[in-house]
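Student: got a predicted structure plus its sequence, pasted below:
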Amino acid sequence: MEYIIIIIGAVFVNNIVLAQFLGICPYLGVSAKVPTSVGMSGAVMFVMTLATLVTFLIFNYILVPLNIEYLQTISYILVVASLVQMVEIILKKVSPALYQALGIFLPLIVTNCAILGVTILAVREDYGFNLLEAVVFAIGNALGFALTIIIFAGIREHLDLVDVPKGMRGAPAALVVAGILALAFMGFANLV
Amino acid sequence: MKVLTVSGSPHFHADHSVSRIMYGVVFSLIPAMLVSFYFFGLAAILVTLTAVVSCMAFEFLIQKYLIRGPMTIFDGSAIITGVLLAFNVPANLPLGIVVIGAAVAIGMGKMTFGGLGKNPFNPALVGRVFLMISFPVQMTTYPEPSAFSTRLADAVTGPTPLTFLKGGVDQGEKVSELMPQIPDYANMMLGNMGGSVGEVSALAIILGGLYMLARRIISWHIPVSYLGTAAILSAIFWMVNPEVYPDPLFHLMAGGLMLGAIYMATDYATSPMSKTGMIIFGIGCGLLTVIIRLFGAYPEGVAFSILIMNAFVPLINRGFKPKRFGEEIKNG
Amino acid sequence: MGQLQNFSKGFIRENPVLVLLLGLCPALGVTTSAFNGLGMGLATTFVLVSSNIVVSLIKNLIPAKVRIPSFIVVIASFVTITQLVMEAYLPALFDSLGLFIPLIVVNCLVMGRAEAFASKNDTFSAIIDGLGMGLGFAFALTLLGGLREILGAGEFFGLSLFPGDGMLVFVLAPGAFIGLGYLVALNNIVKKKLDKTA
Amino acid sequence: MVLTLIIVAAAASFTLATVYNLTKEPIERSREAARQEAIGMVLPAFDRLVSKKLMPPSGSDSLEFNLAFDNGNLIGVAVSTYTGMGYSGVIRAMVGLTPDGEIIDVVHLEHAETPGLGDKIEKGKSDWSDQFRGFDPSEQALRVRQDGGDIDAITAATITARAYCDAIERAYLTFEANKQEIINKEEE
Amino acid sequence: MHQLKTFVIGGVHPPEKKLAEKQPIVRLDPPKTVSILLSQHLGAPAVPVVAKGDKVLAGQIIARGESFISANIHSSVSGTVAKVDGVPDTSGYRKQAIIINVEGDEWAEGVDRDEAFVRDCQMSPEEIVSRVKDCGVVGLGGATFPSHVKLKVPKGKKAEYLIINGVECEPCLTADHRLMLEKGNEIMAGISIQMKALGVGRAIIGIENNKPDAINNLSEIAREYEGIEVQPLKVKYPQGAEKQLIKAVVGREVPSGKLPIEVGCVVHNVGTAFAVYEAVQKNKPLVERVVTVSGDSVRKPSNFMVRIGTPVSELIEAAGGLPEDTSKVVNGGPMMGKALNDISVPVTKGTSGILAFPGSESRRPAEQNCIRCARCLTVCPMGLEPYLLSALAEKQRFEDCEMERIMDCMECGSCLYICPSGKPLLDYIRVGKNRVGIMIRERSH
Amino acid sequence: MNELFNEITLFSVVSLGAIGGVAAIILFMVAQKFRVIEDPRIDIVEGLLPGANCGGCGLAGCRALAEAIVKDESLEGFNCPPGGSDVMQQIAEAMGWEAGEQTPMVAVLRCNGTREFAPPKVQYDSAMTCTFAHSLFSGEGGCPFGCLGCGDCVRACDFDAMYMDPESGLPVILDEKCVACGACVKACPRDIIEMRKKGKKNRRIFVSCINREKGGVARKNCKVACIGCGRCVKECRFEAITMENNLAYIDYNKCTLCRKCAPVCPTNAIHELNFPVRKKKPADTDKQEKNV
């Protein structure tokens, strides 16, 4: 039950994109087509879970005991960066098609604040997560990211076909859609 | 013989037009409008009028100065948005806020994307939710209904059945104790209860819905699946614990469920295209509405759930295509 | 194409937020008020300028393969420094910016400038570029913060402009997206006007 | 290649450690100052402060009790309390209680409530929280009126108001449960 | 209540306007000159076997269909070949045609011009097919697919039903209707000949319920034939489309991209059945056909039996000429026919009707934003999404068009008919089909 | 000083160094194991290309062109219209090859069937797209080769180099904006637009008609159609003009821009662009005006 609450909270109530403003760059960048956004979600989910697992261990078993929590940011980003590069290299070899589709955005996962943000949030005292909860939290957030980016890709495909007025085409319309989506998601407030 | 016209086939065209459909919807809204005028009086008339006029005005201004497209204010769609927006706010809402709502509904909800048919979200609901979040105090002070009311903004305010029940249950009171304090079902059906301008009378809305069904403006798929899901899900909760969860009949008649299911969810531009898609959409709306009503912070979830399902529409359209000719054989 | 242009392009033509759409997370997350926006903008500018300096200094010492990780480490160090200093001397701002301070590390703007500009140019140009881009970022954030503060709370830099509450939605998440959306559209129009006159 | 990265990391961490050591003290100071300020706001003048942690009857985390003495007499307790019932996230508050359990004053420490609505619990934003001054939980109910209590809710932010009451009540109940111990402290 | 059979998905019901319903077929005299197009059938154009100055007789072969899907062309008049040259066809593009100056009305030897009804046929199936081929019979419903090809069942396939299309679902057209009333015996005999050629035991004639007299007439005659029955159908457009008719009559669905024989059916038009009768029993090639001249601008809506190659303008004259406000002349039915830009074009084997409309009826409604009312989805008989296909084609996203099965579209026009926004849906879909067709062909190379 | 450098410093340096080191080693190993060999020059070439992904080169975007160039190890047959020879030169330098000089090209419209010269006989009332109009009928003016005027070419132009002239019903090409990407050539269902050499001082002479019908037929629909009379062929001393299917064509590689052919054309079908006005008989100047 605990885990379900964490997931519902992360997906709907405190949606990583719509309520926490994390991962906006890929949200706007890789959401032009539904299949691409699905691929991106997959990559994010994988990296996010793995990164949270690793950083949680580093934080609780290296940084806290040594009293050097202030190194959190720098050590996390190192871990995330190398993880992403690893995923990139592996993907290039294993699934060139997916690699092609995600294109330049794979390296951008490094600078995807969603990953770093979630790894930092996962060790926040407020939540007091244990390892398993932290991983579930990461999966929940990745699901939230996937949900919003895929919905959003659908809407953008729709907008592509209908000729949005010139001034609003592209990012502005996308942001307004995100705004309305955020409005709608406020309905989930206090669900858990 | 004059110059011949050459065009692609077909050379016959059905007697449909966008404005005929739209004015059909406006016509079907009249019963609900009359009920609201009866119970909320002058205030309701003022709110409705303001909303309609400002929706048309904003559409006119944006078309004229920003988009510079063909003039569309008389196709009736802005009127519908205006009426539905008015139907979704309390009758004693300050008119300035109504104007803001109209600006958001038309400007942000509709014209941002290029106007009628291009908007991914229902404009009236965008306006309503925007107001709901922006002006929570004004948007949740509902006037008490009273027959042939002529009062303006100084009306006695009171809770809607939904807020009353939710507030009570939240403090651990029992549904059976709370029920006698709200209008009975006959009154709720007629619209003699607190609520937004046009949502109060389930009967009037159903009447309008039947008219639209008869004229084939809408199909039964969305309203039936929406209301059905809401009824079934709330019935399940009700059977589990009738002291915490009110019965399905209450859910159907309270709040904006009827209005939402018949008028908002069936909006062409923001609902799925195929019949299966429509049913999925209705089920989604129903589930979300009940979940938000029972477990969320807001007592009413209709607007939120329809907006959220609006966002899913492109995906539903992708995933649920109409049944194609010649497909059956392959499977069989 | 002088240093001046390097500096000024960041405001309208190549504004990192409004045109390049970089660093949107903090642009949306912290701009509940003009003050927060400005604070975040300046913090980012500091990181941007200092990391640009260091990157342009060490660019020849770093082998190509570990270039990006090294740059990240440099940036992360400056972010942590900002974090520590801010917590010590500006605790209120530190609280309201919260998570977004460590996230400066992953601001595409910082990384992007280090990669695309500082690693290819001399230190002085790198400073000017960092300043221009950083201040452009701060400008956009302050603008958005101001807009949201005025519409959402009826205040500007904490000064009350009109009595009563504003439209709350602008202080909340949806308002950030909507506000930024229309700002980008507005900037598109301004940019087009500038292009026409140029 | 690996070596370069290690060197860069080491250099960076060395610099950071230095900065950390430099800022450690100011950070401590500013935190302490904030705590002191909050305590000062909810308690009358005192000359000695004793802190201890106590577990509340309900809740996951312990509360920090700051016992304030003036001339060796317990003049009040500043309790740092919390609630998880907030509209969004945890709300923390400092509650000042007299040795009899009457509320002296309340000030919020940390919250993420909706700006414009829930943030009315902040003293600077509205005078809503003034109604807790001199409130005696043993005689009146620490609940909002809708819930049958004696506290006026915040319009359109009942949840926040309810949560704030919960936080204060947690402080009060913990105080009541440990009253004996606290008074013993006085005798020490 | 008894539910009439019809197809399941989609369909519309446009106003029927069968103005010439009660007008008996009138035989028109040959005109002064005829232009006989070399391409009057699906497939490669026929190759002329006469040259300028040659004397020809009516019914004499003048061009030979040499490829597999092609048909012979016969002179419809007697006279002298004036030239072989390009004449504008219905689209205004010049196509090769044989132009003949008419002299008298003499017929080629062997053509039996006696009206007497001959019921029984002694030929073998092979002989029937080759006679049909020699006589240049093509499908007269509009698609002009060479009939002899359809009468040969491909190896490995088996035909179970011969379905006869007496639906005439297009508004205004009454040619088939009149034929069924006036030539019922001949049609029946034609059907039994076709059954023999195909080796099937059952034939079903599908007729829409708005032609009760035709249903009665044919049912009456069908009693004398074994295995032939008449199936009344609910009025719904496009029931005359092969796949829809099969679905309506026998309830089978032809898979996407496949032919009717896949589900054991062969479909022929009643007009074709009559032409087959004439070819086999009377040795008369396809040189004339019934054409409905109708529409709101036509003074005397009529049904004419005309020689192939007669200019459309002569038919219109015969029907009383056109009023001043005529602004559209359509070759074919109002749903799938082609608007003419010149009324001097000749009648071909595929001309089922000539319709003329005044300005008020011929204009398309003003185009507005698509309001996504989904009516086009509801009416599409193939279960496609016209709004989507049209938008994709407009945006030149032809790969996506192909994935959305644009090639299944049969251009029935129901979507454009129903669209309240006046979107030129079908126009763009046609563009898309065209381009996707090119893409598919390029791929197969 | 002790305060500044204590055990925290030591822990920091050691642990972060360790994290960095471990990460680097793992990465190094993964990189070895999953290496994909890809020519690094592709990235270099792609960086030099304009990145507009316009498809003017005939390939699917700039990356595709870069891959193709590197694969062929030569610039032969590759051309980036928006980038022009500058970019090709740069690529050649970067790769160490020689770039062929690229002749500047520009799109020209080979139809002059304005409403005046080819008056509409019927009215078109369907989707405003040439592709469809072309499949539907021969055109409002009746010429089966002429411009349909629905503007597919204008919509295809990514560089704002074309617009529809509402008066003539024909598209207008703006020389200075045209980058010769060929999008309009592809978009025109009737192949009316041709890429021609920009010419000295931007001067060009071409037959502004592609009607291959016989003279009389062509003339019936359009006053300025090429009727295939062959006078220009006789006039040309450079054998630049050929006559095929009743249609004259001027080869821009052989044409010397001598302007001899234009005056002899009885239908004014030969167009001159950007030449100084002829100082001859008044009748000719009249002609000139109509053509420009």
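Tutor: In hand now; what should we look at?
Student: tell me the pLDDT at the spatially most central residue of chain A?
Tutor: In chain A, the centroid-proximal residue (CA atoms, centre = their mean) is residue A:114; its distance is 4.2 Å. With respect to pLDDT, residue A:114 scores 84.
Student: what of residue C:105?
Tutor: The predicted local confidence for residue C:105 is 83.
Student: kindly report the same for residue F:286.
Tutor: Reported pLDDT for residue F:286: 47.
Student: picking up where we left off before, following the helix or strand hosting the residue nearest to the centre of chain A, which helix or strand comes up?
Tutor: Here residue A:114, judged by DSSP states H and E, is contained in helix A:113-121. Where DSSP H and E defines the elements, the next helix or strand beyond helix A:113-121 is helix A:131-162.
Student: what's the angle from that next one to helix A:113-121?
Tutor: Angle of helix A:131-162 versus helix A:113-121, following axes from the mean of the first three to the mean of the last three CA atoms, to 10 degrees, is 160 degrees.
Student: show the contacting residues for residue 34.
Tutor: Chain wasn't specified; assuming chain A. Residue A:34 is in contact with A:150, A:153, A:154, A:157, B:315, B:318, counting by CB atoms under 8 Å, 6 or more residues apart in numbering or on different chains. For the C-beta atoms, the positions are set from N, CA and C on the backbone; glycine is no exception.
Student: oops, I was thinking of chain C
Tutor: When contacts are counted by CB under 8 Å, 6+ apart, residue C:34 is found next to C:142, C:145, C:146, C:149, C:156, C:157.
Student: surely the fifth one is in contact with residue C:147?
Tutor: No - using CB atoms under 8 Å, residue C:156 and residue C:147 do not qualify as a contacting pair, with a distance of 9.6 Å.
Student: more neighbours: the two, which one.
Tutor: Between residue C:156 and residue C:147, counted using other CB atoms under 10 Å in any protein chain shown, the more crowded position is residue C:147 (21 against 16).
Student: where does the residue nearest to that one when sequence neighbours are not counted sit: helix, strand or coil?
Tutor: Sequence neighbours aside, residue C:179 is the residue nearest to residue C:147 in space, at 5.2 Å (criterion: CB to CB, 6 or more residues apart in numbering or on different chains). Reducing the assignment to helix, strand or coil with DSSP: H, G, I helix; E, B strand; the rest coil, the entry for residue C:179 is helix.
Student: what number of residues are in the vicinity of residue C:179?
Tutor: Using other CB under 10 Å, residue C:179 has 26 neighbouring residues.
Student: leaving out the residues flanking it, which one is nearest to residue E:426?
Tutor: Of all residues beyond its chain neighbours, the one nearest residue E:426 is residue E:416 (4.4 Å), with distances taken as CB to CB, 6+ apart.
Student: buried sites along the biggest strand by length in chain D?
Tutor: Assignment by DSSP state E gives strand D:73-83 as the longest strand of chain D. Of the residues in strand D:73-83, those scored as buried under the neighbour-count criterion (16 or more other CB atoms under 10 Å in any protein chain shown) are D:74, D:75, D:76, D:77, D:78, D:79, D:80, D:81, D:82, D:83.
Student: and what of stretch E:128-139?
Tutor: Using 16+ other CB under 10 Å as the test for burial, stretch E:128-139 gives E:128, E:129, E:131, E:132, E:133, E:134, E:135, E:136, E:137, E:138, E:139.
Student: and the closest residue to chain A within chain B, how many residues sit next to it?
Tutor: Using CB to the nearest CB, the point where chain B gets nearest to chain A is residue B:304, with a distance of 2.5 Å. Residue B:304 has 26 neighbouring residues, counting by other CB under 10 Å.
Student: near chain E, which residues of the stretch 201-332 of chain B show up?
Tutor: Residues of the stretch 201-332 of chain B lying near chain E by CB under 8 Å from any CB of the partner chain: B:268-269, B:273-274, B:317, B:321-330.
Student: and with 10 Å instead?
Tutor: Residues of the stretch 201-332 of chain B found near chain E, taking CB under 10 Å from any CB of the partner chain as the criterion, are B:216-219, B:267-275, B:277-278, B:313, B:317-318, B:321-330, B:332.
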